[in-house]
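>>> Test case, fold it:
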Amino acid sequence: MVGFVRNLGARFLSWLAALGRATVLWVRAMSGRPDWQDVGLVVKQIYHVGFLSLVIIILSAFSIGAVLALQFYTQLARFGAQEAVGIGLALVLLRELGPVVTALLFAGRAGSALTAEIGLMKTTEQLSSMEMMGVDPLKRIIAPRIWAGLISLPILTAVFNMVAIFGGMVVAVNWLGADAGGFWSGMREGVEIWEDLGKGMVKTVVFGLLVTWVAVFQGYDAPPTAEGMAMATTRTVVISSVLILASDFLLTLVFYGEF
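I've put the predicted structure just below:
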């Protein structure tokens, strides 16, 4: 029993130490006045973490939208409310599925890539070389990637929502025969800009910060070995996924909960 408590305390202290290092990393990277010469670095990272993630986002969005429309139509047809497919699809996507699924895909594709890239830089001593040349690797390497994640994820979520709604429309209207006018009019009347779209986009900013923060820290803090990089990449995906789901619950409780 004593050994179990000792191990539990050691793990908790190790977790606190890692959280402290991650916080210091984020503050040092993001503090100070931004250098406009670094805009090119941010744009380059947006291409790598955002644009190169479009394929998996689009394919997943179309499939999810089609499946949701099929399920909604099947259930609503039992009550003669097929016209509500559009509003139901839009609310589920804008409030929950769009931000969460996009963030999980982003963590699996872009987050793991960021961790592997920074871990490789550390293993090959590129970060140490920058410090010897008087270049702060936190400003040059870490900060542009964090900004790229914050910018890319909301855009990817918007693309996901549009493609998913289009996929749902294809299934509900073109395949199952739902009324196109009822599909779009119900969506226009039921969706509110801030309540549904705005709060969903706020979630994406939080998710983008969490995923990129975890990814760059795991890469920067990883042991400079092949095994260390592999473990860091795995931890990035696992920790990011847990944080996305936990923060989604808290944000939904704040935005839509009754207190």
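>>> Could you use CA atoms for every contact and neighbour count after this?
OK.
>>> Under the pLDDT cut-off, which ranges of the stretch 151-259 of the chain? List them.
257-259 (pLDDT under 70).
>>> mind listing the helices for it?
180-190, 199-221, 226-256 (DSSP state H, counting those that start in this stretch).
>>> of all these, which gets the most neighbours per residue?
helix 199-221 (a mean of 25; mean count of other C-alpha atoms under 10 Å).
>>> Please state the offset of that one from the chain centre?
Relative to the chain's own centre, helix 199-221 is displaced by 7 Å; criterion: C-alpha atoms, centre = their mean, to the nearest Å.
>>> Show me what that helix packs onto, helices and strands only.
helix 2-30, helix 98-106, helix 112-123, helix 143-169, helix 226-256 (3 or more C-alpha pairs under 8 Å, 6 or more residues apart in numbering; DSSP states H and E).
>>> The same query, at a cut-off of 6 Å, please.
Other elements packing on helix 199-221 under the criterion 3 or more C-alpha pairs under 6 Å, 6 or more residues apart in numbering; DSSP states H and E are helix 112-123, helix 143-169, helix 226-256.
>>> I'd like to know which of those is closest to Gly88.
helix 143-169 (10.5 Å; C-alpha to C-alpha).
>>> which of the residues in the closest one are buried?
Neighbour counts over helix 143-169 (16 or more other C-alpha atoms under 10 Å) mark 143-154, 156-169 as buried.
>>> tell me what it is packed against?
Using 3+ C-alpha pairs under 6 Å, 6+ apart, helix 143-169 sits against helix 39-49, helix 54-76, helix 98-106, helix 199-221.
>>> Out of those, the one nearest Gly186 is which?
Gly186 lies closest, by C-alpha to C-alpha, to one member of those: helix 54-76, at 14.0 Å.
>>> what's the neighbour count on Met130?
14 (other C-alpha atoms under 10 Å).
>>> what helix or strand does it sit in?
Counting by DSSP states H and E, the element that carries Met130 is helix 126-132.
>>> next structured bit after that helix?
helix 137.
>>> which residue ends up closest to the midpoint of the protein in space?
Ala103 (2.4 Å; C-alpha atoms, centre = their mean).
>>> measure the residue nearest to that one when sequence neighbours are not counted to Asp136 for me?
Spatial nearest neighbour of Ala103, chain neighbours left out: Phe207 (6.3 Å); criterion: C-alpha to C-alpha, 6 or more residues apart in numbering. To Asp136, Phe207 is 26 Å away according to C-alpha to C-alpha, to the nearest Å.
>>> How about Gly186?
Gly186 sits 53 Å away from Asp136, going by C-alpha to C-alpha.
>>> ok, Leu114 to Leu76 distance?
43 Å.
>>> more crowded one of the two?
Leu114 (29 against 14).
>>> Contact partners for that one?
Counting by C-alpha atoms under 6 Å, 6 or more residues apart in numbering, Leu114 touches Ala215.
>>> one more time with 8 Å
Contact analysis of Leu114 by C-alpha atoms under 8 Å, 6 or more residues apart in numbering lists 145, 212, 215-216, 219.
>>> what do you get for Gly111?
Shown in contact with Gly111 (C-alpha under 8 Å, 6+ apart): 211-212, 215, 236-237.
>>> cool, Val85 as well?
Taking C-alpha under 8 Å, 6+ apart as the test, what Val85 contacts is 69, 72-73, 76, 172, 183.
>>> Was I right to think Leu54 contacts Leu156?
Yes. Here Leu54 lies in contact with Leu156, judged by C-alpha atoms under 8 Å, at a distance of 7.1 Å.
>>> Nearest residue to Val67 in space, please, no chain neighbours.
Of all residues not flanking Val67 in the chain, Gly168 sits nearest, at 7.4 Å (C-alpha to C-alpha, 6+ apart).
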